[in-house]
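**Q** predicted model and sequence below, questions to follow.
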Amino acid sequence: MTMEKLRTIRKQKGYTQQQIADILATDVSNYSRKESGEVRIFDEEWEKLAKALDVSVEDIKEEKAPQIQHNDKPTLNDNSSINYNQYCNIPEYLLENQQEYINLLKEQIKALKEENAKLKKG
């Protein structure tokens with residue numbers, strides 16, 4: 001789902017995708033994927049975008065409907081009881097987004113461990 005409200009206001013305010021990407025401290029291709037709805041925009045990023053565009057978060061934020069598919073067809077096993085196999089097709093952009101978030105958390109953990117070690121020495 002394209003973030004049409006965000007894209008429209010960004011263009012009205014005269015910002016390029018590169019300028020907004022710089023505000024979010026990301027590259028333009030990643031921001032482009034965020035604006036096109038392929039990659040999630042986190043709440044902190046919505047706040048930065050709203051501040052940069054001088055609008056409220058509600059003016060630019062659009063909620064995306066989940067796209068997870070379930071296969072709940074029953075199958076029979078040797079005991080003739082019903083089992084449910086549930087398979088989820090998770091879109092690639094969600095997996096990429098989660099991996100980015102995991103990497104961010106790992107960096108924060110590392111920084112906190114370093115700070116903790118310095119405080120213990122001091």
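**A** Sure, I can see it.
**Q** the residue sitting nearest the centre point of the chain - nearest residue in space that isn't next to it in sequence?
**A** In the chain, the residue lying closest to the centroid (C-alpha atoms, centre = their mean) is residue 40, at 2.5 Å. Spatial nearest neighbour of residue 40, chain neighbours left out: residue 97 (4.6 Å); criterion: C-beta to C-beta, 6 or more residues apart in numbering. Where C-beta positions appear, they are placed from N, C-alpha and C, glycine not excepted.
**Q** next, count neighbours for the one you found.
**A** Number of residues near residue 97 (other C-beta atoms under 10 Å) recorded here: 18.
**Q** that one belongs to a helix?
**A** Yes. Applying DSSP: H, G, I helix; E, B strand; the rest coil, one finds residue 97 inside a helix.
**Q** hmm, residue 37 and it touching each other?
**A** No. Contact status for residue 97 versus residue 37: not in contact, 11.3 Å apart, counting by C-beta atoms under 8 Å.
**Q** overlap in contacts of these two?
**A** Counting by C-beta atoms under 8 Å, 6 or more residues apart in numbering, no residue touches both residue 97 and residue 37.
**Q** please report how far residue 103 lies from residue 96.
**A** Distance of residue 103 to residue 96, given as C-beta to C-beta, to the nearest Å: 11 Å.
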